[in-house]
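S.K.: take a look and give me a structure for this.
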Amino acid sequence: MGRQTNRIFLSMITVLILLVAACSKDPSSNEGDSDNKGRVAISMFMGDSGLPHPEGVDPENNKFINIVKEQAGVDLKLEVPSYADFPTRFNLMLASGKMPDLVQTYLVDETYRAARQGAFIDLKEYYDNSPQVQKYITKEMMEFAKDPVTGKYWRIPMAWEAGPQGSGVNMMRGELIDKYNNGVWPKSVDEWIEFFKVVKKEIPDAVIMSNAASGDNVFTGGGSVIYFWYGAVPYGWRIQDGEIIPNVLLPEFREATLVMKDLYDQGLLDPEFATTDDSRYNEKVINNTVLLQVNSADQIAPGAVYYKTEKSLPPHAKEVKWLFAPPLKEYPKVLKDKKYAEPKMGLPIITHGLYISSSSKHPDEAWKVIEAFASDELYESIFWGYEGEGVTYNTVDGKRVPTDKIGPGTEDYWSLHLALVFGFLEGQDAKVASHRLALGDKYTDEVYNSIYAMDQIARENGIGELPGYVAPDEAVLKASEARLAINSVTVEAIMGKITMEQFDQRVKQWEAQFRDVIYGPMQKYLDENKEMLIRQGVKHAGW
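M.R.: Next up is the predicted model:
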């Protein structure tokens, strides 16, 4: 459940929509408008965020969702498609115009477009009168969630500030630093490359650097490590002297590409780096000594726990040390400023959110459901376990200590997908305690010390996005083409299929084709809102 915003644009076929409408009950009709307890029936569409209900668990009748139903005093009717099916089912629902009372989705662009056309109501008045929701969703979060086009507050966003901030280079084989480098972390890119050579000599079948290409993003994870150190990750941009510059145009990007070419020529970069998919990449990470990838701070501790506890992994994987590599002490000379190679904070919310349909006959009761998803009882049950003290945790010296019945892999872990208001990063006290149980004190301290170091830098650098910016349709339509063009020129340069002079020519062509249409509107937004953005904590708006 990482912090991803999948945007899937589907062509709706009229016949298919008609078939779906004919075969499905209209979720807005609320047939049987109350249950046998006299409760109003509220219909809701939501996702499982990749944590499906286990076999035998009824989405509409289980100990966690029943807390929501009891707190709200309603009969809650749920439609919960699988993670894979969610975008298709969601877009079909929007296209049909037949909406349930409540909708939970992470597809903001599509939902806001529908809201502007009348599909959802403004929730600001409800929010202003709800201390319980305000307990987890601050006024600042609501402002970040506000529709920049209409100024309306269509959604109650999911909080995303409880966990560690930032991203960095994830060392997936940290034990090799101890084994082959006397426990000393490399201080520069050059020292890292020397370490790569040592590992390759000692472990001949080691892949060292690999990558998982995903859609039109070739340089993700392991493919972006060198670019991260050079402050020029592919597809990204920076603000330098008030100007938004796409990273592909930077001298740092060119130098990083030269380093990648050198690694490829030396056999230290996977020859399949441009075509390996997620599944094959994971196999290489587990079995072929892939060392590094770029990862977000909230994924590091869960990754460490996974390698220690996942029963399906081979025995050698249990010895893996998974943590952040320390920031470089010596940055590349070409780098304009090290701050461009450092992490920043994310927004305090993510794209997940709760919406009330304008066609709902019971908006007040639907709001009670949202408040129930923000209830203290649900919070305790998700993060500290439904059974509570004596079963999922014990109190020792005034502190709660989890048992082995909470955390990843346990029977009720799926309930995390119900943290629709709190956010998946909440419950850090329970998470850290359960990680300590799985990893032991020494390893836990190593992992979290590496995380907190990155978190501190990210908080100092402020928010890394441009909140409130909405790309025009033309820019959105060109984005994929621009990424594919970056992939093409960069992969060909790394593999030696073009010279660096040809690389330079192709980059100039890219600038002429894409810079104005994609980054021109962004520059205009920055120029018009610079002071406001800085006040919001977007410090790099002033860089």
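
S.K.: partner strands of the lengthiest strand in the chain, parallel or antiparallel?
M.R.: Among the segments of the chain that qualify as a strand by DSSP state E, the longest is strand 349-356. Counting by DSSP bridges, the strands paired with strand 349-356 are strand 102-105 (antiparallel), strand 156-159 (antiparallel).

S.K.: export those strands to JSON lines and tack on distance to residue 324?
M.R.: All C-beta atoms are positioned from the backbone trio N, CA, C, and that covers glycine. Written out in JSON lines, the entries for the strands paired with strand 349-356 read as follows (distance: least, Cβ to Cβ, whole Å):
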{"stretch": "strand 102-105", "distance to residue 324": "32"}
{"stretch": "strand 156-159", "distance to residue 324": "23"}
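
S.K.: highest mean neighbour count out of these?
M.R.: Here the criterion is mean neighbour count by mean count of other Cβ atoms under 10 Å, and of these the winner is strand 156-159, at a mean of 26.

S.K.: dump that one to CSV, restricted to CA.
M.R.: This file holds the C-alpha atoms of strand 156-159, laid out as CSV (Å, rounded to 0.1, in the frame of the first residue of the first chain):
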residue,chain,number,x,y,z
ILE,A,156,-12.8,13.7,3.5
PRO,A,157,-9.2,12.7,2.7
MET,A,158,-7.2,10.0,4.2
ALA,A,159,-4.5,11.3,6.7
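
S.K.: distance between that strand and the chain's centre?
M.R.: Taking Cα atoms, centre = their mean, to the nearest Å, the mean C-alpha location of strand 156-159 is offset from the chain mean by 14 Å.

S.K.: make residue 1 into 101 and carry on from there
M.R.: Right, with 101 as the first residue, what we last looked at is strand 256-259.

S.K.: and the next helix or strand past it?
M.R.: Moving toward the C-terminus from strand 256-259, the next helix or strand (DSSP states H and E) is strand 267-271.

S.K.: that following strand: which residues count as buried?
M.R.: Neighbour-count burial for strand 267-271, with 16 or more other Cβ atoms under 10 Å as criterion, is recorded at 267-271.

S.K.: wait, which of the residues you listed is closest to residue 457?
M.R.: Nearest to residue 457 among the buried residues of strand 267-271 is residue 267, at 35.8 Å by Cβ to Cβ.

S.K.: before we move on, the earlier item: and residue 327, which of the strands paired with strand 449-456 is closest to it?
M.R.: Put simply, out of the strands paired with strand 449-456 the one that sits nearest residue 327 is strand 256-259, at 29.5 Å, with distance taken as Cβ to Cβ.

S.K.: touching that closest one from outside, list them.
M.R.: 223, 227, 233, 236-237, 241-242, 244-245, 448-454, 470, 519-526 (Cβ atoms under 8 Å, 6 or more residues apart in numbering).

S.K.: ok, now stretch 593-609?
M.R.: Defining contact as Cβ under 8 Å, 6+ apart, one finds that stretch 593-609 is touched by 348-349, 354, 357-358, 360-361, 364-365, 369, 373-374, 585, 588-589, 592.

S.K.: how distant is the longest strand of the chain from the center of its chain?
M.R.: The mean C-alpha position of strand 449-456 is separated from the chain mean by 14 Å, Cα atoms, centre = their mean.

S.K.: show me what contacts the residue lying closest to residue 463 once chain neighbours are set aside?
M.R.: Once flanking residues are discounted, residue 463 sits nearest to residue 456: 5.3 Å by Cβ to Cβ, 6 or more residues apart in numbering. Going by Cβ under 8 Å, 6+ apart, residue 456 touches 201-203, 220-221, 223, 463, 466-467, 470.

S.K.: show me where the chain has its strands.
M.R.: With DSSP E as the criterion, the chain has strands spanning 141-145, 175-179, 202-205, 256-259, 267-271, 337-340, 343-346, 392-396, 423-424, 449-456, 493-496, 499-502.

S.K.: for residue 474, which of the ones you listed is the nearest?
M.R.: Between residue 474 and those, the tightest spacing by Cβ to Cβ is seen for strand 256-259, at 8.3 Å.

S.K.: okay, now residue 361: neighbour count?
M.R.: When counting by other Cβ atoms under 10 Å, one arrives at 18 neighbours for residue 361.

S.K.: to clarify, my last question referred to residue 378.
M.R.: Applying other Cβ under 10 Å, we find 12 other residues in the vicinity of residue 378.

S.K.: and for residue 305?
M.R.: For residue 305, the tally of surrounding residues (other Cβ under 10 Å) stands at 8.

S.K.: same check, this time on residue 374
M.R.: Residue 374 has 18 neighbours, counted by other Cβ under 10 Å.

S.K.: that one and residue 591 touch, don't they?
M.R.: Yes: here residue 374 lies in contact with residue 591, judged by Cβ atoms under 8 Å, at a distance of 4.7 Å.

S.K.: any common contacting residues for those two?
M.R.: residue 318.

S.K.: how does this structure divide into domains?
M.R.: 114-262+448-518, 267-441+566-642 (automatic domain parsing).

S.K.: out of the ones you listed, which comes closest to residue 550?
M.R.: The stretch from these with the least distance to residue 550 (Cβ to Cβ) is domain 267-441+566-642; that distance is 3.7 Å.

S.K.: averaged pLDDT, the closest one. What do you get?
M.R.: This predicted structure assigns domain 267-441+566-642 an average pLDDT of 96.

S.K.: how far does it sit from the chain's center?
M.R.: 16 Å.

S.K.: now do stretch 260-268
M.R.: Its chain's C-alpha centre and that of stretch 260-268 lie 10 Å apart, by Cα atoms, centre = their mean.

S.K.: count the residues that sit near residue 610.
M.R.: Counted by other Cβ under 10 Å, the residues lying close to residue 610 total 18.

S.K.: what residues are up against it?
M.R.: Going by Cβ under 8 Å, 6+ apart, residue 610 touches 348-349, 582, 585-586, 589.

S.K.: what about it, distance to residue 639?
M.R.: Here the distance between residue 610 and residue 639 works out to 29 Å (Cβ to Cβ, to the nearest Å).

S.K.: please report how far residue 422 lies from residue 535.
M.R.: Distance check for residue 422 against residue 535: by Cβ to Cβ, it reads 12 Å.

S.K.: I should have written residue 149 there, sorry.
M.R.: On the measure of Cβ to Cβ, residue 149 and residue 535 end up 20 Å apart.

S.K.: do residue 362 as well
M.R.: Relative to residue 535, residue 362 is positioned 38 Å away (criterion: Cβ to Cβ).

S.K.: so which of the buried residues of strand 267-271 comes closest to residue 616?
M.R.: Looking at those and their distance to residue 616, the nearest is residue 267, at 28.9 Å (Cβ to Cβ).

S.K.: give me the beta-bridge partners of the closest one?
M.R.: Residues in a beta bridge with residue 267, per DSSP bridges, are residue 396.

S.K.: and residue 465, how many residues sit next to it?
M.R.: Residue 465: 21 surrounding residues under other Cβ under 10 Å.

S.K.: so what's it closest to, chain neighbours aside?
M.R.: Leaving aside its sequence neighbours, residue 465 sits nearest to residue 140 (Cβ to Cβ, 6+ apart; 4.7 Å).

S.K.: residues in contact with residue 321?
M.R.: In this structure, residue 321 makes contact with 311-312, 381, 393-395, judged by Cβ under 8 Å, 6+ apart.

S.K.: return the residues in contact with the residue lying closest to residue 189 once chain neighbours are set aside.
M.R.: Nearest non-adjacent residue to residue 189, counting by Cβ to Cβ, 6+ apart: residue 181, 4.2 Å away. The contact partners of residue 181, taken as Cβ under 8 Å, 6+ apart, are 147-148, 189-190.
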